[in-house]
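1. let's see this in three dimensions:
(one chain, ligands or ions: 1)
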Amino acid sequence: MSAQREMKEKNPWPVTIIIIVIGVIAIVALVTVAVLQNMPLSQKYKYGIVLDAGSSHTALYIYEWPAEKDNNTGRVEQTHSCKVKGPGISSYASDPWKAGESLKECMKEAEMKVPGKRHHETPLYLGATAGMRLLNMENGSASDQVFQAVEGALQKFPFSFQGARILSGQEEGAFGWVTVNYLDDRLKQGLETTGALDLGGASTQISFVSSNYNGSESPSNSVTFRLYGNNYNLYTHSFLCYGKDQAMKLMLAQQTKSGPETILDPCFHPGYNETKSYSDLYNSPCVSNRKPQGAPATFTHMGRGNFQQCQEVVKKVFDFTSCKYSQCSFNGVFQPLLQGPFGAFSAYYFVMNFLNLTNTSIPLDAVRQKIKDYCATPWKQVMAQHPDVKVNYLQEYCFGATYILTLLTEGYNFTSESYSNIKFIKKIKGSDAGWTLGYMLNLTNMIPAEAPDTPPLPHAGYVSIVTLMAILLFILFLVSLRPLWRRCSKHPRII
Ligand SMILES: Nc1nc2c(ncn2[C@@H]2O[C@H](COP(=O)(O)OP(=O)(O)O)[C@@H](O)[C@H]2O)c(=O)[nH]1
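-> Alright, predicted model coming up:
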């Protein structure tokens with residue numbers, strides 16, 4: 001008995017080893033549980049699809065975000081876009097069925113891009129803008145029929161179709177502003193926001209936060225938001241008929257008041273010569289009431305290529321005569337003092353990018369000179385220099401640039417100084433600038449009013465601390481076994 005006890009006392013190794021093994025297993029288990037518990041769930045994605053039914057064309061956008069971060073920010077990304085072939089849906093007023101048909105190709109693309117098992121839960125929205133606003137004003141039943149055709153076509157796809165509707169100008173402006181600031185991560189961080197300048201085909205929007213605007217003056221221009229715990233009082237205005245294409249009609253209407261057979265247009269290149277129809281020019285509610293009586297069926301549209309004269313004609317499409325507010329942009333519309341940086345997208349970008357004028361540190365006078373030289377370039381030469389640019393776009397850059405400059409400086413009152421606060425942009429971090437993302441974020445409640453609770457430590461910090469504590473505990477445990485070590489180290493010694 002006593003010999004056995006002596007042997008146990010003399011040889012504590014098995015007990016020590018067992019204790020160490022249990023200690024190691026416990027610590028490994030502790031660390032593993034901590035890591036697994038805090039590991040992000042396997043990255044399952046959710047999707048949303050928005051169709052932007054614009055006046056000149058329709059575009060489809062697919063957005064993607066990690067499934068477990070529905071109400072967080074900065075994570076929704078555009079993963080795919082598709083430009084619908086043909087004109088905007090408002091152009092199918094006389095053949096509504098074709099409006100629905102036109103969307104099918106892009107919708108089939110969306111079916112391929114969104115994983116099959118997510119199809120049924122993927123919301124699909126169609127928002128129409130100024131083209132449909134104008135058609136609705138002109139012919140309500142035609143607009144209804146276009147929507148019926150479009151809804152019928154979209155319902156045939158396996159997504160969760162949430163309806164098609166016309167956005168108000170205010171929504172278009174405000175959601176464009178949300179998109180820009182969301183993508184720039186300005187909302188979540190409560191930073192100074194960026195204003196949004198959107199130039200479409202039929203309307204144009206200006207939206208910004210100004211510290212001297214609280215919504216009391218001209219409340220119809222005010223949109224208030226509470227996003228991530230911050231209140232925003234946004235000024236926004238949409239000018240119907242002041243998109244690039246409708247503004248061109250306004251400008252041509254200025255020059256065809258008397259119903260001439262020929263016009264020598266300073267906004268088109270010298271040598272440009274096309275026969276155009278009066279009824280096509282005056283086919284929109286923006287100009288239809290100005291159609292000259294007794295005009296011929298067609299007129300010859302000739303170019304003169306004179307920037308200054310073009311600016312004079314363009315200025316005439318703005319009314320600066322009356323303002324019942326403390327200050328106005330044009331057409332008697334209130335506008336507070338411009339403030340902060342601005343992002344200018346859609347046609348602002350297409351035109352300024354074509355002319356290599358997206359760099360706004362170029363002085364305004366140099367910008368004017370460049371546009372002047374471009375407008376004066378003979379049409380033949382312009383076509384020869386840009387054989388791969390669509391003629392429809394190419395013929396309009398002189399007018400487009402003159403209009404943009406006049407709208408910004410005379411219309412919105414940008415100065416040589418504040419012009420440099422504008423950035424001409426197409427995409428931000430891979431997503432197109434425009435109203436669609438803001439619209440989807442709003443409808444899916446993906447921007448919370450209050451800042452989401454954040455854990456006190458980031459995931460990596462938490463895992464590091466748990467690991468460190470486990471290692472320290474283990475060392476402490478080993479140190480507490482010191483008396484045992486001494487005994488162990490004595491016994492094996494054979495002297
Ligand atoms: N140069 C050029 N112009 C474009 C392009 N896409 C659209 N536009 C023109 O830019 C203007 C605005 O287009 P968009 O932003 O699509 O407006 P919407 O159709 O009213 O929504 C219209 O005059 C279009 O004809 C493009 O890829 N290049």
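2. give the contact list for the residue in the chain that the ligand sits nearest to.
-> Per Cβ to the nearest ligand atom, the residue of the chain with the smallest distance to the ligand is residue 54, at 2.0 Å. The C-beta positions use only the backbone N, C-alpha and C, and glycine is treated the same way. Neighbouring residues of residue 54 by Cβ atoms under 8 Å, 6 or more residues apart in numbering: 88, 128, 129, 130, 131, 200, 201, 202.
3. wait, the third one touches residue 200, no?
-> Yes: under the criterion of Cβ atoms under 8 Å, residue 129 makes contact with residue 200 at 6.2 Å.
4. now do the shared contacts for those two.
-> Joint contacts of residue 129 and residue 200 (Cβ under 8 Å, 6+ apart) are 54, 55.
5. list the buried ones in the biggest strand by length in the chain?
-> Among all segments of the chain classified by DSSP state E, the strand with the greatest residue count is strand 230-240. Within strand 230-240, the residues scored as buried using 16 or more other Cβ atoms under 10 Å are 230, 232, 234, 235, 236, 237, 238, 239, 240.
6. does stretch 127-138 come close to the ligand?
-> Yes: using Cβ under 6 Å from any ligand atom, we find that stretch 127-138 touches the ligand at 129, 130, 131.
7. residue 439 - that's part of a helix, no?
-> Yes: according to DSSP: H, G, I helix; E, B strand; the rest coil, residue 439 belongs to a helix.
8. okay, now the nearest residue to it once chain neighbours are set aside: neighbour count?
-> Spatial nearest neighbour of residue 439, chain neighbours left out: residue 175 (4.6 Å); criterion: Cβ to Cβ, 6 or more residues apart in numbering. Residue 175 is surrounded by 29 other residues when neighbours are defined as other Cβ atoms under 10 Å.
9. next, find the distance separating residue 175 from residue 437.
-> When distance is defined by Cβ to Cβ, to the nearest Å, residue 175 is 8 Å away from residue 437.
10. could you do residue 469 as well?
-> Residue 469 is 43 Å from residue 437, by Cβ to Cβ.
11. likewise for residue 339?
-> For residue 339, the distance to residue 437 under the criterion Cβ to Cβ works out to 23 Å.
12. before we move on, what about residue 444?
-> In this structure, residue 444 and residue 437 are separated by 11 Å, where distance is defined by Cβ to Cβ.
13. these two: which is more packed in?
-> Set residue 444 next to residue 437 and count neighbours by other Cβ under 10 Å: residue 437 wins out with 27 against 18.
14. what about residue 219, how many residues close to it?
-> What residue 219 shows, counting by other Cβ under 10 Å, is a neighbour count of 9.
15. I misspoke; the intended subject was residue 422.
-> By the measure other Cβ under 10 Å, the count of residues near residue 422 is 21.
16. before we move on, back to that, quick check, pLDDT for the residue nearest to residue 439.
-> What the model reports for residue 175 is a pLDDT of 98.
17. so who does it touch?
-> Contacts were defined as Cβ under 8 Å, 6+ apart; by that measure residue 175 touches 167, 435, 436, 437, 438, 439, 442.
18. which one among those gets closest to residue 191?
-> Residue 191 has its nearest neighbour among these in residue 438, at 17.0 Å by Cβ to Cβ.
19. for the closest one, what are its contacts?
-> Going by Cβ under 8 Å, 6+ apart, residue 438 touches 174, 175, 176, 177, 178, 179, 182.
20. which ones among the residues you listed map onto helices?
-> 174, 175, 176, 177, 178, 179, 182 (DSSP state H).
21. export those residues to CSV and tack on distance to residue 275?
-> Converted to CSV, these look like this (distance: Cβ to Cβ, whole Å):
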residue, distance to residue 275
174, 42
175, 40
176, 37
177, 42
178, 44
179, 41
182, 47
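22. what subset of these is buried?
-> With neighbours counted using 16+ other Cβ under 10 Å, the ones in helices among the contacts of residue 438 contain these buried positions: 174, 175, 176, 177, 178, 179, 182.
23. right, and the third one touches residue 207 too?
-> Yes: proximity of residue 176 to residue 207 meets the contact threshold set by Cβ under 8 Å, at 6.3 Å.
24. please report how far the residue most central in space within the chain lies from residue 472.
-> Nearest residue to the geometric centre of the chain (Cα atoms, centre = their mean): residue 433, 2.9 Å. As judged by Cβ to Cβ, residue 433 and residue 472 stand 51 Å apart.
25. cool, residue 418 as well?
-> Using Cβ to Cβ, residue 418 is found at 58 Å from residue 472.
26. return the per-residue confidence for the nearest residue to residue 224 once chain neighbours are set aside.
-> Spatial nearest neighbour of residue 224, excluding adjacent residues (Cβ to Cβ, 6+ apart): residue 233 at 5.5 Å. Taken from the predicted model, the pLDDT recorded for residue 233 is 97.
27. please apply the same query to the one 5 residues further on.
-> Predicted confidence (pLDDT) for residue 238: 98.
28. ditto for residue 403
-> Each residue has a pLDDT score; the one for residue 403 is 99.
29. which strand or helix spans it?
-> Under the criterion of DSSP states H and E, residue 403 resides in helix 397-406.
30. hmm, whatever helix or strand comes next after that helix in reach of the ligand?
-> Using DSSP H and E, the helix or strand that follows helix 397-406 towards the C-terminus is strand 422-424. No: Strand 422-424 lies apart from the ligand when judged by Cβ under 6 Å from any ligand atom; the minimum separation is 12.7 Å.
31. which parts of this structure sit against the ligand?
-> Within reach of the ligand by Cβ under 6 Å from any ligand atom, the chain has these residues: 54-57, 88, 129-131, 200-202, 243-245, 346-347, 350, 393.
32. just the buried members of those?
-> Using 16+ other Cβ under 10 Å, the buried ones in the residues of the chain next to the ligand are 54-57, 88, 129-131, 200-202, 243-245, 346-347, 350.
33. among those, which ones are in helices?
-> Secondary-structure check on these using DSSP H: residues within helices are 130, 131, 244, 245, 347, 350.
34. tabulate the residues you listed (a markdown table), appending pLDDT and distance to residue 380.
-> Listed next are these as a markdown table, based on pLDDT from 0 to 100; distance: Cβ to Cβ, whole Å:
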| residue | pLDDT | distance to residue 380 |
| --- | --- | --- |
| 130 | 98 | 34 |
| 131 | 98 | 33 |
| 244 | 98 | 24 |
| 245 | 98 | 25 |
| 347 | 98 | 25 |
| 350 | 98 | 23 |
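35. want to throw those residues into a markdown table with distance to residue 428?
-> Below are these laid out as a markdown table (distance: Cβ to Cβ, whole Å):
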| residue | distance to residue 428 |
| --- | --- |
| 130 | 23 |
| 131 | 25 |
| 244 | 22 |
| 245 | 25 |
| 347 | 17 |
| 350 | 16 |
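36. could I get the contacting residues of residue 140?
-> Residues near residue 140 by Cβ under 8 Å, 6+ apart: none.
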